[in-house]
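S.K.: 3D, please:
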Amino acid sequence: MAFKDYNADEMIMGKPMKEWCRFAVCYWHTFRGGGMDPFSYGCPTLERSWDDGSASVENAKRRVDVAFEFFTKLGVEHYCWHDIDIAPEGESMKEAFENLHILTDYALEKQNETGVKLLWGTSNLFSNKRYMNGGGTNPDFNAFACAAATVKNSMDCTHKLGGENYVFWGGREGYNSILNTDIKKEIDNLAALLTMARTTRSKLVPISSSWWSLSLGSLPSTSMTTTRRL
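M.R.: Here you go, the predicted structure:
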């Protein structure tokens, strides 16, 4: 129903609709995600017989084989990836960069065989703990330098694959950088929130006579006290 008005070959302003709406299969969700609820502590729900769960180059190549089989059967013309989705991260930056070149060389062979194109590549600058305060806006120069080198390598591999775009995805960027954030304003906003909570706490529904008793009633008394103070 979502695509009831989609006609791939219909011409709009001199281009077919498929060029305006370039659908792509996202490598991380489709071939790397575990099928977990992102808002809970659930376990993976997807079983993939072709993935042995290892961080080996051989396993990563097997994923590429399956991915391109999926792309062609689905009939999509593009895909996209993060660097460490398509290639193992390895034990060092050097190994990570080498792995990405090995896997993108392999992906290029598959692109040439199938005609499927890379829409865009990007770098994962948020999963590794070094990026807890961002990549490009990280106050630690070592983390920033690592992010910059990672982006450079990913851009090189995207270019090699003929990618039509490169995405700068700022999953953890900005908050701890004085270049992006008005720290005083953030502190003032926090103070306003705590003041509002303090002045309105007496108006809250009593814990003992509401649904709050179901979620908070079993907490230790210290936690209950802390909750009431907030």
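S.K.: Please count neighbours and contacts with C-alpha atoms only from this point.
M.R.: Will do.
S.K.: so Arg32 makes contact with Asp83?
M.R.: No: with the criterion set as Cα atoms under 8 Å, Arg32 and Asp83 do not qualify as a contacting pair; they are 11.9 Å apart.
S.K.: out of those two, which sits in the more crowded spot?
M.R.: Ranked by neighbour count (other Cα atoms under 10 Å), Arg32 and Asp83 place Asp83 first, with 29 against 17.
S.K.: Tell me the secondary structure at Glu89.
M.R.: Of the three states, Glu89 takes coil under DSSP: H, G, I helix; E, B strand; the rest coil.
S.K.: Model confidence at it, what's the number?
M.R.: Note on Glu89: pLDDT of 93.
S.K.: per the record, what domains does this structure have?
M.R.: The chain breaks down by automatic domain parsing into domains covering 11-167, 183-229.
S.K.: And those domains, which one averages the lowest pLDDT?
M.R.: The stretch with the lowest mean pLDDT among those is domain 183-229, which comes in at a mean of 58.
S.K.: Let me know the distance separating the residue lying closest to Glu95 once chain neighbours are set aside from Ser127.
M.R.: The shortest distance from Glu95 to any non-neighbouring residue, by Cα to Cα, 6 or more residues apart in numbering, is to Glu89 (7.4 Å). Glu89 is 11 Å from Ser127, where distance means Cα to Cα, to the nearest Å.
S.K.: Between the two, which is the more surrounded one?
M.R.: Counting neighbours by other Cα under 10 Å for Glu89 and for Ser127 shows that Glu89 has the greater number, 20 against 11.
S.K.: Backbone dihedrals for the more buried one, please?
M.R.: With angles defined as degrees, to the nearest 10, Glu89 sits at phi -70, psi -30.
S.K.: Help me confirm that it comes into contact with Ala96.
M.R.: Yes: in terms of Cα under 8 Å, Glu89 counts as a neighbour of Ala96; the distance is 4.7 Å.
S.K.: Where is the longest helix in the protein?
M.R.: helix 93-114 (DSSP state H).
S.K.: looking at this, Ala147 is in a helix?
M.R.: Yes: residue state for Ala147 (three-state DSSP) corresponds to a helix.
S.K.: what sits against it?
M.R.: By Cα atoms under 8 Å, 6 or more residues apart in numbering, Ala147 lies in contact with Leu125, Gly135, Gly136.
S.K.: For the second one, give its distance to Gly170.
M.R.: Distance of Gly135 to Gly170, computed by Cα to Cα: 8 Å.
S.K.: so where do the strands sit in the protein?
M.R.: 11-12, 15-16, 24-26, 78-82, 117-122, 165-167 (DSSP state E).
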